[in-house]
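# Take a look and give me a structure for this.
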Amino acid sequence: MLCLRQVCLFTLRYYQARTLSSDLLLSQINSCTHEDEVFSLVGRNKTRLSEKHVGIALNMLWQLQKKRPILLRTSDYIRNHSQFLTLCILAENKVEHMEDEAIVDTLYSILRLNVEDHGTLAEVLVTEAWKRLERQVLLSLPALSKFALCLYKQRRHCSPVIGKVAHIVDVKLDSIQDIRVLSVLMISISDVISQSFRDRLLHKAEQLLEEKDEVHFNYAKRILQFLQNVKLKYHALLEKCNKIFLKSASRLDIHSISLIFGLYEQLGFDNAEFRLVAKQLLSETIDDYYDPETFAKLFFTLGPMAGPKVRERLLLTAVRMAEEFSSQQVLVILKTMQKMKCRNSHLLKKMASVLHKHLDSYHVLQLVKVTQYLVALRCHDLELFAKLKMLLFGFLKSSVIPADTAAIIRVLAMLPSFQVEEIIINKAAAALPQCRLHHLNCIATALVKWNHYDQLHWQNNSELCVKLLQKLNDSGFQRLQKANNLNLLLEELTHVNGEWFEEVLSEETMAMCQHLIDQITWPNVLQLSFFLIKTNHRCPSLLDRIASVTVENIGKIHPFEIYFILFLFSALNYDPPANEEFFERCIQHLTSNLSCFETHHLVLLGHVLAVAGYFPPVLITRIFNVSFLSKLDAQLEVLPDTLKQRVRSNLMKLNRAVCLECPEFHIPWFHERYCQRVFRNSSSRINPLRQHVHRMLTEILGGSHYARISVLTPYYYEIDFECILDENKKPLSYMAQSIPLDDVERIHLRHDIKDEGRKALPPGAERIALEFLDSKAFSKDSRHLKGEPAVKKRHLEMLGYRVVQIPHFEWNSMVLSTKGEQLEYLRKHLYGIQ
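Presented below is the predicted three-dimensional model:
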């Protein structure tokens, strides 16, 4: 019977396909230029409408809407029209007779007309299409992608039917040659694919992007959305998509630009060239964005990189438009204000005022974000904070998701004058067994803060807090001990940091990473390197493994990822067993792919290599070039302030290193003004330790005129103390040489280094730099000097100093607990006594 039924249906469709070409009614529907014409034809011909007529009519309604600007579309009018209801009922009744691709087209049309995602007709169409897929009906790839997109828009991200679509894509992947089709399928099935399938999709996308000379920017946007869905920062594909956006810059509107910026932010990717293009496009059309939706997107995109005048205009417009912002737009404005480090009190008060009417519409994680933004912006609206506290408390009481519970507790600790109640401690204790390391860290951070500021108040709460912290520590240890997959462990550790982790779990985490050392592979060396950089751990076994895996798989690792791996070794001043081979292979790979780096990234790379003692000629000559430096200046204008300052500082340090270590390059020192400005604007003061040591040096050398404090050397190194000993180890007076001394009580820093202090020394005399090294100069739990302090020592020796470095662990040890012992220690180091 079933076979006979299918044959009949097929015969019927075939017959209709032959006769409809000459169907007058079909021609009339296709000729309509307004929705009312379609509805009029439907009303007059209800009894004559076949499934083909119904499908074409619904599709025509969407096509007519599609031609209009979004603000002029009349979807509400269409959905509420009586003849539209007639079409929907007819479509439901005739769905079994529809052709395969007509079902997909009809589903797509009604969803674009904003018919309820899970309305009766949508459900019927999805069910019928699913049945046909199960019967091995072969949809064309474009139709399959359209069906998958419909399922995605209905939020059926993990449904069995999406799984069926994913299976078909898996089988047919090699035959897909259209990047448009592939990009739609990728985002639609992203929640139901394995890692190996994900990698095959990425490889296919790369291949198709390389083969096509012109790719529409919408397809590249979908690739970014896929990467965001699978939480993967895939540099090669990101760079290809970025090039497409740059080529299509003139066609990008504010909606596309803000979406791209948002996706870049979530993926941790940035591109200064795209920022420059976007800044120019948006600055030229800034007056065109006068409605709240587009202005919020403009503010988000342009605000962080705008110059003073444009920034001021944006802030004034935001103040004027504040009352019109929706709840989502308020979130965007606050987030951008935090990014801009905006302290505009008028705008902040306006946003706080508007927030009062929107707070009830936010879900829990949005409330958490609002609180974080307001605290960071130093909002003083206590009434608003009180309302936030009440809402967060309500969510906490009903929360059953550990991540939400941890986030609420963490943000409650940020509120001013917050009183801890027992329910918070009880909710935290109940969530512990299910918490990941990041969530445990959030709860611990809150408890430590409350305990530190004595906000527990009642003795009972304090005792409960202590017990909870112990349970929390135990939960952290247990979670680490159960770890058997390095990738999952590194994923958990991504957002873990702070005092609790450092004191409680740091050593156990390192031990577990060493236990899983055989699982270190080229795809996870970057994430492991990030973790070691963040924790400042110098673990030889892990570092050696990272180096060997990197060398073995150098061709598979993106050059930008190699930079971060080298940063780890350079910062920790660690040489792996095959040190020369490791650095040479990495440098060869990098210099062969310099085009992968932006101008400011090349500066950062040059500095990292210089700290390690490497100066590749191709990189150095490229950086110290007038056109390169001009391009760098332009791009620095659109970079975030912290990154901008870091790049400028690293360029100065690289310039200094090249001048001192590679004079054969004939690179001039051109950072004199920059250094003077930095030191002029610095607020460094002579701390009590320096004053104490200066008095000791005065006692050892025989007078205050024998030592200088806080000295700036040529090339602007600052050293704690400087003194000169002649060939007989006798101190030379600065007064006798007419060298002005710093008044310890008055002067903060020496700014003038072009004084007689650099006069040639008498024969046999030596200039001594005495440096005190705090814990930041060493890797964690180690007495091994890090890269930057080691470079400083190297450079000071090149400048003619004998460098005496006093580590904090020696100076603060029990051995030097008395003044006499400290004096003897300094005397031995100054005079080089063994």
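
# Please report phi then psi for the residue most central in space within the chain.
With distances taken as CA atoms, centre = their mean, the residue of the chain nearest its centroid is residue 268 (3.2 Å). Note on residue 268: backbone dihedrals following degrees, to the nearest 10 are phi 70, psi 30.

# same thing with residue 785?
Per degrees, to the nearest 10, the backbone of residue 785 is at phi -70, psi 140.

# In contact with it: list those residues for me.
573, 773, 777-778, 793, 805 (CB atoms under 8 Å, 6 or more residues apart in numbering). Every C-beta, even on glycine, is put in place using the N, C-alpha and C of the backbone.

# ok, back up a step: is the residue nearest to the centre of the chain in contact with residue 231, as I believe?
No - judged on CB atoms under 8 Å, residue 268 makes no contact with residue 231 at a distance of 10.3 Å.

# ok, residue 566 touching residue 609?
Yes - counting by CB under 8 Å, residue 566 touches residue 609, with 6.9 Å between them.

# sorry, back to before: just the ones in strands from the contacts of residue 785, please.
773, 805 (DSSP state E).

# What sits closest to residue 509 if chain neighbours are left out?
Spatial nearest neighbour of residue 509, excluding adjacent residues (CB to CB, 6 or more residues apart in numbering): residue 480 at 6.1 Å.

# any idea of the mean pLDDT for the helix or strand hosting that neighbour?
Assigned by DSSP states H and E, residue 480 belongs to helix 459-481. Averaging pLDDT along helix 459-481 gives 83.

# likewise stretch 570-586?
94.

# And stretch 548-558, by the same measure?
95.

# can you list contacts of that stretch?
Under CB under 8 Å, 6+ apart, the answer for stretch 548-558 is 235-236, 520-522, 525-526, 562, 565, 576, 578, 581-582, 585-586, 589, 596.

# what about the strands in this protein?
Under DSSP E, the chain gives strands at 707-712, 718-725, 766-773, 801-807.

# Quick one: list the elements packing against the shortest one.
So the one you mean is strand 707-712. helix 688-701, strand 718-725 (3 or more CB pairs under 8 Å, 6 or more residues apart in numbering; DSSP states H and E).

# partners of it in the sheet?
Strand 707-712 pairs in its sheet with strand 718-725 (antiparallel), by DSSP bridges.

# same question for the strand it pairs with, mean pLDDT?
The model assigns strand 718-725 a mean pLDDT of 92.

# Low-confidence bits of this protein, can you list those?
1-22, 117-118, 453-462, 683-685, 735-758, 834 (pLDDT under 70).

# which residues touch the spatially closest residue to residue 334 that is not a sequence neighbour?
Take residue 334 and drop its neighbours on the chain: the residue closest to it by CB to CB, 6+ apart is residue 373, 4.0 Å away. If you count contacts by CB under 8 Å, 6+ apart, residue 373 has them with 331, 334-335, 337-338.

# likewise residue 127?
Residue 127 neighbours (CB under 8 Å, 6+ apart): none.

# quick one: residue 184 and residue 146 touch, right?
Yes - using CB under 8 Å, residue 184 is in contact with residue 146, at 7.4 Å.

# More neighbours: which of these two?
Between residue 184 and residue 146, counting by other CB atoms under 10 Å, residue 184 is the more crowded of the two (24 against 20).

# Against residue 402, how distant is the more buried one?
According to CB to CB, to the nearest Å, residue 184 and residue 402 sit 35 Å apart.

# what's the answer for residue 517, then?
Counting by CB to CB - residue 517 and residue 402 are separated by 30 Å.

# Those two - which one has more neighbours?
The neighbour comparison of residue 517 against residue 402 (other CB under 10 Å) goes to residue 402, with 19 against 15.

# for that one, what are its contacts?
By CB under 8 Å, 6+ apart, the neighbours of residue 402 are 431, 434-436, 439.

# 7 Å instead?
431, 434-435, 439 (CB atoms under 7 Å, 6 or more residues apart in numbering).

# sorry, back to before: closest to residue 446 out of the contacts of residue 785?
Nearest to residue 446 out of these is residue 778 (CB to CB; 30.3 Å).

# what's next to stretch 327-338, contact-wise?
Taking CB under 7 Å, 6+ apart as the rule, stretch 327-338 contacts 292-293, 296, 299-300, 303-304, 318, 325, 351, 354-355, 358, 361-362, 366, 369-370, 373, 376-377.

# Narrow those to just the buried residues.
Among those, the ones that count as buried by 16 or more other CB atoms under 10 Å are 292-293, 296, 299-300, 303-304, 318, 325, 351, 354-355, 358, 362, 366, 369-370, 373, 377.

# Which members of these are positioned in helices?
292-293, 296, 299-300, 318, 351, 354-355, 358, 366, 369-370, 373 (DSSP state H).

# May I see these arranged in JSON lines, with distance to residue 618 as well?
Formatted as JSON lines, those follow (distance: CB to CB, whole Å):
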{"residue": "292", "distance to residue 618": "51"}
{"residue": "293", "distance to residue 618": "48"}
{"residue": "296", "distance to residue 618": "45"}
{"residue": "299", "distance to residue 618": "42"}
{"residue": "300", "distance to residue 618": "39"}
{"residue": "318", "distance to residue 618": "47"}
{"residue": "351", "distance to residue 618": "50"}
{"residue": "354", "distance to residue 618": "54"}
{"residue": "355", "distance to residue 618": "54"}
{"residue": "358", "distance to residue 618": "55"}
{"residue": "366", "distance to residue 618": "49"}
{"residue": "369", "distance to residue 618": "45"}
{"residue": "370", "distance to residue 618": "50"}
{"residue": "373", "distance to residue 618": "45"}
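
# before we move on, back to that, of all the strands of the chain, which lies closest to residue 163?
Nearest of these (CB to CB): strand 766-773, 58.7 Å.

# Check which helices and strands the closest one sits against.
Strand 766-773 sits against strand 718-725, strand 801-807, with contacts defined as 3 or more CB pairs under 7 Å, 6 or more residues apart in numbering; DSSP states H and E.

# Which stretch among those strands is buried most, on average?
Mean neighbours per residue, mean count of other CB atoms under 10 Å, is largest over the helices and strands packed on strand 766-773 for strand 718-725, with a mean of 21.

# Hey, what's the angle from that strand to helix 688-701? Just curious.
0 degrees (axes from the mean of the first three to the mean of the last three CA atoms, to 10 degrees).

# how far away is the closest residue to residue 239 other than its chain neighbours from residue 179?
Excluding its sequence neighbours, the residue lying closest to residue 239 (CB to CB, 6+ apart) is residue 596, at 6.8 Å. Going from residue 596 to residue 179 by CB to CB gives 22 Å.

# who has more neighbours, these two?
Shown here are residue 596 and residue 179; by other CB under 10 Å, residue 179 has more neighbours (22 against 17).

# Quick check: that one touching residue 213?
No - contact between residue 179 and residue 213 fails when scored by CB atoms under 7 Å: they sit 11.8 Å apart.

# The stretch 51-200 of the chain: helices as residue ranges?
51-66, 75-79, 82-94, 100-112, 120-134, 141-153, 160-172, 179-189, 195-211 (DSSP state H, counting those that start in this stretch).

# Look up how far residue 253 lies from residue 791.
Taking CB to CB, one finds residue 791 at 48 Å from residue 253.
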